[in-house]
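>>> what follows is a predicted protein model with its sequence.
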Amino acid sequence: MSLHVFARVKHLQIRFREILPRATSLVQPGPIFVADSRQGSAQVAQNLSSASKFTSIKNHKMAEAKIWREDYMTSLFVAPKPRRTMNVDNLGDLSAALKNAAAIPDVYVQPEGLRPDIPYDGFSKETDQLPVFDLHNLSTGAVEERRRFINDLGCACKEWGFLQLRNHGVPLRLIQKMIDLGMRFFQMPAAEKEKATFGQVGYEGRHAYMPERVHWGETLALVSGPISNVEEILRMICADYREEFITTVNEFIHEIQKIGLVLLELMAESLDLQKSFFSQHFEKNATSVTRLNYYPPCPQPSMALGLYAHADTNSITVLIQNEIGGLQIRKDGRWISVRPFKDALVVNVGDCLQAWTNGHFKSVEHRAVLNSVKPRFSVAFFYNPDAHAIMAPPMELVDENHPLSYRPFTWAEYFPRMQKKRMEGKVGTDTFMRLDHKEV
Ligand SMILES: O=C(O)CCC(=O)C(=O)O
Ligand SMILES: [Fe+2]
């Protein structure tokens, strides 16, 4: 063992001993709790289970694992708890009825501090600093250019947590079709859309993530992995484009997943990890949700929000949108509008990847703001690894400037806990996977 590696391991041991009295019960002292990127996931799991306390928990988890998949689907499909909805009119109908109205119902009016201070098209100098990458340059560039591309991509994930990607390989005609059919769905009568209500997923036109407020937005959430319910949900609507919609959504998910894997490889490379460090856990049984978001025109856009400020809880999100801006991200405390490009994917880091990279990558708050004229549409693909993949920060990402801050966790553990939280602000990275988190 070189002196350098030895010093590192020693440092980790010290860190663990410092942290442990405050840490949650699952973590045992010793450097084995960081993943070595040169090891496969089986080896990491074996290392993790070699701590006696962990072993019993892990056996228990394995038993749970067998039923997790069923539980996961049941929790989403069968609505074991009431949906966070309000007894309000369907938003599609309301938006049509309130065209040009001087006021909107109180339940949509945000408290002053949360109202959007920058309009949907309020692009600023910072807007154009959001990194845009052209994947074409990666395949044609020389070795050095490739290295620079990957390095810049890593910087974008560290500094912005967001980036845009052009020439990504997802056919533009497929993106356009997804936009056209998706918008057509939301423009159907409320009674028709509500046929696609399906437990915690499916259609929602009366969102209330905060108990007392409703977003001005409708969604259609589809589970796309490990078991897809796209067909089951879309078969509930009687539209004449139903079959085409199902085929398009499935094709879209397939393509987005492909680019998702490429991005995960590039992200790992940018951190000097083995290329497959993240992606190997997404190749089979990836857990994903595809959500179509529709924001009908709002006569008072400065009073309401399409989607509250939140950080995504998953690993990475890949998003397409129509030409109407509205996505805003919070950078260094200030809101910045993202310029909508129809040929680009918006990619962002979620809370799980922030924890998995020991905080090197940032999961950043974002929100959707409204306008009074045109409907806005987006599709977010939330990508997660196999529900039992252990997300443990690799030792390469732990040093004096980045002390180990997160414990190993799995999506199977994390998801049920996050389901209990409100979608508001940056809740994910401050939860149980932080070593200094105290369960209340
Ligand atoms: O519509 C958008 O641009 C944002 C969507 C989003 O953040 C989400 O679905 O989590
Ligand atoms: Fe989001």
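Great, that's in hand. Ligands and ions are numbered 1, 2, ... in the order given.

>>> CA only for contacts and neighbour counts going forward, please
Noted.

>>> residues contacting the residue of the stretch 151-300 of the chain found nearest ligand 1?
Of all residues in the stretch 151-300 of the chain, the one sitting closest to ligand 1 is residue 293 (5.8 Å; C-alpha to the nearest ligand atom). The contact partners of residue 293, by C-alpha atoms under 8 Å, 6 or more residues apart in numbering, come to 217-220, 377-380.

>>> so which of these reach ligand 1?
Restricting the contacts of residue 293 to those within reach of ligand 1 (C-alpha under 6 Å from any ligand atom) leaves 378, 380.

>>> could I get the contacts of residue 293 as CSV with secondary structure, pLDDT and neighbour count?
What follows is those, written out as CSV (DSSP: H, G, I helix; E, B strand; the rest coil; pLDDT from 0 to 100; neighbours: other C-alpha atoms under 10 Å):
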residue, secondary structure, pLDDT, neighbour count
217, coil, 93, 26
218, strand, 93, 23
219, strand, 93, 21
220, strand, 95, 24
377, strand, 98, 25
378, strand, 98, 24
379, strand, 98, 23
380, strand, 98, 20
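
>>> next, give phi and psi for residue 349.
The phi and psi values for residue 349, taken as degrees, to the nearest 10, are phi -80, psi 130.

>>> tell me what it is bridged to.
For residue 349, the residues forming beta bridges with it (DSSP bridges) are residue 316.

>>> what of residue 203?
Judged by DSSP bridges, the bridge partners of residue 203 are residue 220.

>>> number of nearby residues for it?
Under the neighbour criterion other C-alpha atoms under 10 Å, residue 203 is assigned a count of 24.

>>> tell me the pLDDT of it.
Per-residue pLDDT puts residue 203 at 91.

>>> that one and residue 358: what is the separation?
Using C-alpha to C-alpha, to the nearest Å, we find residue 203 at a distance of 35 Å from residue 358.

>>> ditto for residue 138
For residue 138 relative to residue 358 (C-alpha to C-alpha), the value is 27 Å.

>>> which one of those two is surrounded by more residues?
Counted by other C-alpha under 10 Å, residue 138 and residue 358 do not tie: residue 358 has more neighbours, with 25 against 16.

>>> that one contacts residue 405, correct?
Yes - in this structure residue 358 lies within contact range of residue 405 using C-alpha atoms under 8 Å: 6.1 Å.

>>> re earlier: are we agreed that the residue of the stretch 151-300 of the chain closest to ligand 1 is in a strand?
Yes - with the criterion set as DSSP: H, G, I helix; E, B strand; the rest coil, the secondary structure at residue 293 is a strand.

>>> which strand residues bridge it?
Beta-bridge pairing for residue 293 (DSSP bridges): residue 219, residue 378.

>>> for residue 128, see how far away it is.
Residue 293 is 24 Å from residue 128, where distance means C-alpha to C-alpha.

>>> what's the answer for residue 106, then?
Using C-alpha to C-alpha, one gets 35 Å for the distance from residue 106 to residue 128.

>>> on the three-state scheme, residue 304 is what?
Put simply, residue 304 is coil when judged by three-state DSSP.

>>> mind giving me the packing neighbours of the helix or strand containing residue 269?
For residue 269, the enclosing helix or strand under DSSP states H and E is helix 242-270. If you count contacts as 3 or more C-alpha pairs under 8 Å, 6 or more residues apart in numbering; DSSP states H and E, helix 242-270 packs onto helix 143-159, helix 172-186, helix 230-234, strand 316-321, strand 376-386.

>>> show me the contacts for the residue in the stretch 1-150 of the chain that ligand 1 sits nearest to.
Distance from ligand 1 to each residue of the stretch 1-150 of the chain (C-alpha to the nearest ligand atom) is smallest for residue 120, at 10.7 Å. Contacts were defined as C-alpha under 8 Å, 6+ apart; by that measure residue 120 touches 325-327, 337, 369-371.

>>> what residues are bridge-paired with the one residue in the chain that gets nearest to ligand 1?
Residue nearest to ligand 1 within the chain (C-alpha to the nearest ligand atom): residue 327, separated by 4.3 Å. In this structure, residue 327 bridges to residue 368 when assessed by DSSP bridges.

>>> and the gap between it and residue 153?
Distance, residue 327 to residue 153, using C-alpha to C-alpha: 20 Å.

>>> burial count for residue 334?
Residue 334 is flanked by 9 other residues according to other C-alpha under 10 Å.

>>> tell me what it is bridged to.
For residue 334, the residues forming beta bridges with it (DSSP bridges) are residue 331.

>>> now do residue 320
Applying DSSP bridges to residue 320 yields these beta-bridge partners: residue 379.

>>> how many residues are close by it?
Using other C-alpha under 10 Å as the criterion, residue 320 is surrounded by 24 other residues.

>>> go ahead and confirm it touches residue 346.
Yes - using C-alpha under 8 Å, residue 320 makes contact with residue 346 at a distance of 6.5 Å.

>>> spell out which residues of the stretch 251-400 of the chain are next to ligand 1.
293, 312, 327, 367-368, 378, 380.

>>> tell me which element the nearest residue to residue 101 once chain neighbours are set aside falls in.
Spatially, and ignoring its direct neighbours in sequence, residue 101 is nearest to residue 299 (5.8 Å; C-alpha to C-alpha, 6 or more residues apart in numbering). Using DSSP H and E, residue 299 sits in no helix or strand.

>>> tell me the contacts of residue 266?
By C-alpha under 8 Å, 6+ apart, the neighbours of residue 266 are 150, 153, 275.

>>> state the mean pLDDT of stretch 230-237.
94.

>>> next one: stretch 323-330
Summarised as a single mean, pLDDT over stretch 323-330 is 97.

>>> may I have that stretch as PDB, with CA atoms only?
Presented in PDB, the C-alpha positions along stretch 323-330 are these (Å, rounded to 0.1, in the frame of the first residue of the first chain):
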ATOM      1  CA  GLU A 323     -40.700  26.000 -26.700                       C
ATOM      2  CA  ILE A 324     -42.300  27.900 -23.800                       C
ATOM      3  CA  GLY A 325     -39.900  28.700 -21.000                       C
ATOM      4  CA  GLY A 326     -40.800  28.300 -17.400                       C
ATOM      5  CA  LEU A 327     -38.100  26.200 -15.800                       C
ATOM      6  CA  GLN A 328     -36.000  28.200 -13.300                       C
ATOM      7  CA  ILE A 329     -33.100  26.900 -11.200                       C
ATOM      8  CA  ARG A 330     -31.600  28.400  -8.000                       C
END
